[in-house]
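A.B. asks: Predicted model follows, preceded by the sequence.
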Amino acid sequence: MFKNALRKVFANGSVRLGGGVLLLLILMSIFAPWLGTIDPTMLDPGSQNLLPGTTNVFMTLDGDEFEHFFLMGSDSLGRDIWSRTLYGGRVSITLGISVALLAVFFGTVAGLLSGYFRWVDAVMMRVMDGFMSIPAILFAISLIAMFGNALVIVVTAIAIPSIPRIARLVRSVVLSVREEPYVEAAIALDTPVWKILLRHILPNATAPLIVQGTYVCAEAILVEAILSFLGVGMPVEAATWGNIMAEGAASSMRIRTWCCCPAYSSFSRSFQSIFSVTVCAIHWTRSSRSGATNDGIFSQGSKAPSA
């Protein structure tokens, strides 16, 4: 059942294309030390606001000097934007995957229990409605303001608003599958509830869960970038895509000659890099969802699992 669901998902061309883009970003982040990068936290006041393709002598605060090629230029603190973009991908992609796994796990548990037990459904869905009524950005800002901006807190703050969507998706699958003859036969044979849920019902929700999980991952990366841009996300010294945009915006605001100053050029390069990545992620997930729907992976025509 799980293999058939995965085969249907990856048979779609949009899914393969989007997966290839994501895999490329992950590989670039993993192999960042071998792609012409330096420590993303190192700064050099003498290398401030360099244009793309500039080669300059980089002097660390410890007095060490070396020649470095700034592929995407530098920011107002003399940090290499190319290095910060690749190393920032590690944080952003890790955060996105963590949020997706967390939301899918708790959403699946909530959806299975709500769809199978009617008395749980009455309470659980009212709780989910309450979470859905709160804007995700405002909820994340409130939670981070109360408990700090550690990585675990940021992941939790972004994941909680995504749980209701996963729960409702799984609940709808459970409500349709629980009336199938093979489920009723399992109940008549006094099969344990956990085995019915995991073996007979959950496989039917695998395909839509995969698609929805990719959407949650891409959305989490965008939300983290927004929070960091507003100054309430990851710590300022951390190399994340949102912090790169925030630094570029701050540099542009400090210098009024936007159209000709190097700071504006630095911000433009940073924003274009992050914007292109996030647009690819959103386009990938939306294409995956529409393509998967067209291929019928959301249909409930699943066959009974073989004995």
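C.D. replies: Nice, I can see it.

A.B. asks: Could you give the number of residues near Ile226?
C.D. replies: Ile226 is flanked by 18 other residues according to other C-beta atoms under 10 Å. For glycine as for every other residue, the C-beta is placed from the backbone atoms N, C-alpha and C.

A.B. asks: host element of Val57?
C.D. replies: Assigned by DSSP states H and E, Val57 belongs to strand 54-59.

A.B. asks: counting contacts, what elements does that strand pack onto?
C.D. replies: Packing partners of strand 54-59 (3 or more C-beta pairs under 8 Å, 6 or more residues apart in numbering; DSSP states H and E): strand 65-70.

A.B. asks: Now the strand it packs on: buried residues?
C.D. replies: For strand 65-70, a neighbour-count test (16 or more other C-beta atoms under 10 Å) marks 68, 70 as buried.

A.B. asks: try stretch 194-210
C.D. replies: Quick answer for stretch 194-210 (16+ other C-beta under 10 Å): 196-197, 200-210.

A.B. asks: Among those residues, which one lies nearest to Gly107?
C.D. replies: For these, the closest approach to Gly107 (C-beta to C-beta) belongs to Leu209, at 8.5 Å.

A.B. asks: That closest one touches Ala167, doesn't it?
C.D. replies: No: contact status for Leu209 versus Ala167: not in contact, 11.2 Å apart, counting by C-beta atoms under 8 Å.

A.B. asks: Report the set of residues contacting both of these two.
C.D. replies: Thr108 (C-beta atoms under 8 Å, 6 or more residues apart in numbering).

A.B. asks: Compute the distance between Asp75 and Met146, please.
C.D. replies: Distance of Asp75 to Met146, computed by C-beta to C-beta, to the nearest Å: 31 Å.

A.B. asks: More neighbours: which of those two?
C.D. replies: Between Asp75 and Met146, counted using other C-beta under 10 Å, Asp75 has the larger neighbour count: 26 against 9.

A.B. asks: Need phi/psi at that one.
C.D. replies: The phi/psi pair for Asp75 (degrees, to the nearest 10) reads phi -90, psi -170.

A.B. asks: And it, how close does it get to Arg90?
C.D. replies: 18 Å.

A.B. asks: Show me what the strand holding Val57 pairs with in its sheet, parallel or antiparallel.
C.D. replies: If you go by DSSP bridges, strand 54-59 pairs up with strand 65-70 (antiparallel).

A.B. asks: and the strand it pairs with, what's its mean pLDDT?
C.D. replies: The pLDDT scores in strand 65-70 average 84.

A.B. asks: That one: what's the following helix or strand?
C.D. replies: Tracing the chain C-terminally past strand 65-70 and defining elements by DSSP H and E, one meets helix 81-116 next.

A.B. asks: Return the distance of that following helix from the chain's centre.
C.D. replies: Offset of helix 81-116 from its chain centre (C-alpha atoms, centre = their mean, to the nearest Å): 5 Å.

A.B. asks: Output the below-cut-off pLDDT ranges for the stretch 201-307 of the chain.
C.D. replies: Residue ranges of the stretch 201-307 of the chain with pLDDT under 70: 250-307.

A.B. asks: How many neighbouring residues does Asp64 have?
C.D. replies: Asp64 has 9 nearby residues by other C-beta under 10 Å.

A.B. asks: got a list of what it touches?
C.D. replies: With C-beta under 8 Å, 6+ apart as the criterion, no residue contacts Asp64.

A.B. asks: next one: phi and psi at it?
C.D. replies: According to degrees, to the nearest 10, Asp64 has phi -80, psi 140.

A.B. asks: I figured Met245 hits Leu227, correct?
C.D. replies: No: under the criterion of C-beta under 8 Å, Met245 makes no contact with Leu227, lying 11.3 Å away.

A.B. asks: In terms of neighbours, single out the busier of the two.
C.D. replies: Counting neighbours by other C-beta under 10 Å for Met245 and for Leu227 shows that Leu227 has the greater number, 23 against 20.

A.B. asks: State the distance from that one to Val193.
C.D. replies: From Leu227 to Val193 the distance is 39 Å (C-beta to C-beta).

A.B. asks: From Asp80, how far off is the closest residue to Ser228 other than its chain neighbours?
C.D. replies: Take Ser228 and drop its neighbours on the chain: the residue closest to it by C-beta to C-beta, 6 or more residues apart in numbering is Gly242, 2.5 Å away. Noted for Gly242: a distance of 18 Å to Asp80, by C-beta to C-beta.

A.B. asks: Among the buried residues of stretch 194-210, pick out the one closest to Leu23, please.
C.D. replies: For the buried residues of stretch 194-210, the nearest to Leu23 is Ile210 (15.4 Å; C-beta to C-beta).
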